[in-house]
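Colleague: structure, please.
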Amino acid sequence: MNPLRSPHTMPHHNAAKTHCPRGHEYTPQNTYSRRTAKGYARRECKTCRRERLAIRAAA
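Modeller: Residues are numbered from 1 along each chain as shown. Modelled structure (predicted):
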């Protein structure tokens, strides 16, 4: 079964999201895509990541 096809799974809902939780759009230019150690696909907003790393570097 492909979990992205079923509308009742979390991967389906997450794949349908167009913006990060802080409101930045998921575009190819603004999105990091990677696989976790367990093989799950993850995406992260580059804008949010830059802000988070800047705060960490300042501390």
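Colleague: without its sequence neighbours, what residue ends up closest to residue 45?
Modeller: Spatial nearest neighbour of residue 45, excluding adjacent residues (CB to CB, 6 or more residues apart in numbering): residue 20 at 3.8 Å. All C-beta spots, glycine's among them, are computed from the backbone N, C-alpha and C.
Colleague: how about the helices in the protein?
Modeller: 10-15, 46-58 (DSSP state H).
Colleague: closest to residue 24 out of these?
Modeller: helix 46-58 (4.8 Å; CB to CB).
Colleague: among the helices of the chain, which gets the worst mean confidence?
Modeller: Sorting these by mean pLDDT places helix 10-15 lowest, at a mean of 79.
Colleague: what packs against that one?
Modeller: Packing contacts for helix 10-15, counted by 3 or more CB pairs under 8 Å, 6 or more residues apart in numbering; DSSP states H and E, involve no helix or strand.
Colleague: picking that back up, ok, now which ones touch the residue nearest to residue 45?
Modeller: By CB atoms under 8 Å, 6 or more residues apart in numbering, the residues touching residue 20 are 26, 44-45, 47-48.
Colleague: how about 10 Å then?
Modeller: 26, 30-31, 43-49 (CB atoms under 10 Å, 6 or more residues apart in numbering).
Colleague: out of those, which is most surrounded?
Modeller: For those, the largest number of neighbours (other CB atoms under 10 Å) sits with residue 45, at 21 neighbours.
Colleague: pretty sure that residue contacts residue 33?
Modeller: No: judged on CB atoms under 10 Å, residue 45 makes no contact with residue 33 at a distance of 11.2 Å.
Colleague: that older thread, got the helices of the chain as CSV, with distance to residue 37 columns?
Modeller: What follows is these, written out as CSV (distance: least, CB to CB, whole Å):
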stretch, distance to residue 37
helix 10-15, 17
helix 46-58, 19
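Colleague: out of those, which gets nearest to residue 39?
Modeller: Closest among the helices of the chain, once you apply CB to CB, is helix 10-15, at 12.0 Å.
Colleague: okay, the closest one in CSV with CA atoms only?
Modeller: Below are the C-alpha coordinates for helix 10-15, written out as CSV (Å, rounded to 0.1, in the frame of the first residue of the first chain):
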residue,chain,number,x,y,z
MET,A,10,-0.3,11.3,8.0
PRO,A,11,2.2,11.1,5.1
HIS,A,12,-0.7,12.0,2.8
HIS,A,13,-1.7,15.0,4.9
ASN,A,14,2.0,16.2,5.3
ALA,A,15,2.6,15.9,1.6
